[in-house]
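S.K.: I'll drop the sequence and a predicted model, then ask my questions.
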Amino acid sequence: MNALEHQLHYPLADALPAPAQTLAVAPGIRWVRMPLPFALDHINLWLLQDRIDGQDCWTLIDCGIASDATRALWSRLFDEGLDGLPIGRLLCTHNHPDHVGSAHWLQQRFHAPLWMTIGEYMQARVLSSRLPGADAQATAAHFRRHGIAPGPLLDEIRERSGNHYAALVPAMPEHFRRIRDGETVAIGGRLWRVVVGLGHSSEHAALYCEADGLLISGDMVLPRISTNVSVWELEPEANPVDWYLEALDRFESCREDTLVLPSHGRPFTGLHTRLGQLRAHHAERLEAMMAACRREPHSAAQAVPAMFGRAFDAHQLTFALGETLAHLHSLWYAGRLRREVDADGVVRFAA
Ligand SMILES: [Zn+2]
């Protein structure tokens with residue numbers, strides 16, 4: 001636990017749902033945890049009691065990667081943990097594999113509609129299909145352009161990224177029901193407002209219930225780790241740090257006593273404290289990037305140690321480089337850095 005975490009409050013203390021079990025977090029809302037085979041080793045999913053077309057059911061928020069382990073846990077939950085009720089609707093906050101990977105499998109089982117923003121749904125289809133521009137070649141070219149020289153590391157990045165998304169999201173439901181920013185979605189007895197935010201993914205949807213002070217924050221606000229904010233090969237000119245900071249502002253109007261249900265970590269209160277911490281984190285990282293680029297022009301790969309204070313392996317580097325580049329882009333868009341493409345084809349940022 002880091003020092004910042006002490007400023008937040010965890011009403012459930014250390015309680016966690018056991019594998020294939022649920023834990024009530026509010027009336028009609030149950031917490032499910034699914035394992036992930038990454039450094040970030042779990043995702044939180046939420047089951048909301050619902051009634052759709054006259055039938056009692058659950059609306060499920062996010063669903064876990066497509067894996068044998070996830071499917072086995074879901075099967076146990078369906079048998080034992082859901083009061084015999086079906087999943088009547090699946091709502092995915094965004095396209096990342098831990099949130100959407102099992103959607104196709106669940107839909108085949110329950111024929112429940114998938115609710116998503118159009119940006120997230122379409123991006124999931126593109127990435128899952130490995131279309132040109134979203135494939136291993138494109139990833140390798142992106143990393144090459146941002147300072148990873150041809151060699152074993154670049155080969156490993158190409159190899160890893162080639163199948164990464166499609167392995168975790170092998171298929172997507174062929175239809176979806178669009179949710180839009182500001183739309184109100186009735187789930188069970190509650191009204192939830194869709195709060196779209198950019199920066200972490202294309203069109204991330206969080207859900208806020210003003211009446212009960214509940215925020216299903218997806219990956220936009222997490223208690224312990226900062227949300228990944230990266231420039232990816234599909235959108236190489238993106239400015240996700242600024243977009244993410246704008247998205248954080250949208251949560252300021254939430255109630256002071258809001259209980260945040262995040263996709264990773266534990267439910268917490270102290271949302272406004274956390275928003276301040278996240279802003280401070282990015283401000284500090286931006287100044288670290290400025291300091292590095294004042295010493296000499298930096299490619300994103302060169303700037304990774306200044307950003308994180310350490311080096312990374314190939315898997316971690318894909319996220320670290322994207323996040324470093326995101327901060328360099330913020331400074332570039334603000335006119336504090338200029339961008340130069342050198343004779344070796346590598347992009348460097350200079351103060
Ligand atoms: Zn995510």
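M.R.: That came through fine.
S.K.: where does Pro19 fall, helix, sheet strand or coil?
M.R.: Three-state call for Pro19 (DSSP: H, G, I helix; E, B strand; the rest coil): coil.
S.K.: OK, contacts around it?
M.R.: If you count contacts by CB atoms under 8 Å, 6 or more residues apart in numbering, Pro19 has them with 33, 35, 73. For every residue, glycine as well, the C-beta is placed using N, CA and C.
S.K.: Least confident of the residues you listed?
M.R.: On pLDDT alone, Pro35 ranks lowest of those, at 93.
S.K.: count of residues packed around it?
M.R.: For Pro35, the neighbour count with other CB atoms under 10 Å is 15.
S.K.: quick one: contacts for it?
M.R.: Per CB under 8 Å, 6+ apart, neighbours of Pro35: 19, 41-42, 69-70, 73.
S.K.: what pLDDT does Gly133 get?
M.R.: 87.
S.K.: re earlier: write a PyMOL command that selects only the buried members of the contacts of Pro35.
M.R.: In PyMOL, this line selects whichever of the contacts of Pro35 come out buried by 16 or more other CB atoms under 10 Å:
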select buried, resi 42+70+73
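S.K.: Among the contacts of Pro35, name the ones in helices.
M.R.: 69-70, 73 (DSSP state H).
S.K.: Closest to Arg348 out of the contacts of Pro19?
M.R.: Checking these against Arg348 with CB to CB, the nearest one is Pro35 at 40.4 Å.
S.K.: Who is that closest one paired with across the strands?
M.R.: His42 (DSSP bridges).
S.K.: ditto for Leu60
M.R.: Leu47, Leu90.
S.K.: That one contacts Leu47, correct?
M.R.: Yes: the criterion here is CB atoms under 8 Å, and Leu60 meets it with Leu47 at 5.7 Å.
S.K.: Could you check which of the two has the larger neighbour count?
M.R.: Shown here are Leu60 and Leu47; by other CB under 10 Å, Leu60 has more neighbours (27 against 22).
S.K.: who touches the more buried one in this structure?
M.R.: Counting by CB under 8 Å, 6+ apart, Leu60 touches 45-48, 87, 89-91, 106, 112.
S.K.: check these against the ion, which are close?
M.R.: Residues of the contacts of Leu60 in contact with the ion (CB under 5 Å from the ion): none.
S.K.: would you list those residues in TSV and tack on pLDDT?
M.R.: Converted to TSV, the contacts of Leu60 look like this (pLDDT from 0 to 100):
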residue	pLDDT
Leu45	98
Trp46	98
Leu47	98
Leu48	98
Ile87	97
Arg89	98
Leu90	98
Leu91	98
Leu106	97
Ala112	97
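S.K.: just curious, which of these is nearest to the ion?
M.R.: The closest of those to the ion turns out to be Leu45 (CB to the ion; 13.2 Å).
S.K.: ok so, going back, report the entries of the ones in helices among the contacts of Pro35 that also contact the ion.
M.R.: Of these, not one also sits near the ion (CB under 5 Å from the ion).
S.K.: who's in contact with the spatially most central residue of the chain?
M.R.: Nearest to the mean C-alpha position of the chain, counting by CA atoms, centre = their mean, stands Asp219 at 4.2 Å. When contacts are counted by CB under 8 Å, 6+ apart, Asp219 touches 93-94, 96, 99, 200-201, 204, 227-228, 262-264.
S.K.: residues near whichever residue of the stretch 251-351 of the chain sits closest to the ion, how many?
M.R.: Relative to the ion, the nearest point of the stretch 251-351 of the chain is Ser263 (7.0 Å; CB to the ion). Residues within reach of Ser263, counting by other CB under 10 Å, total 26.
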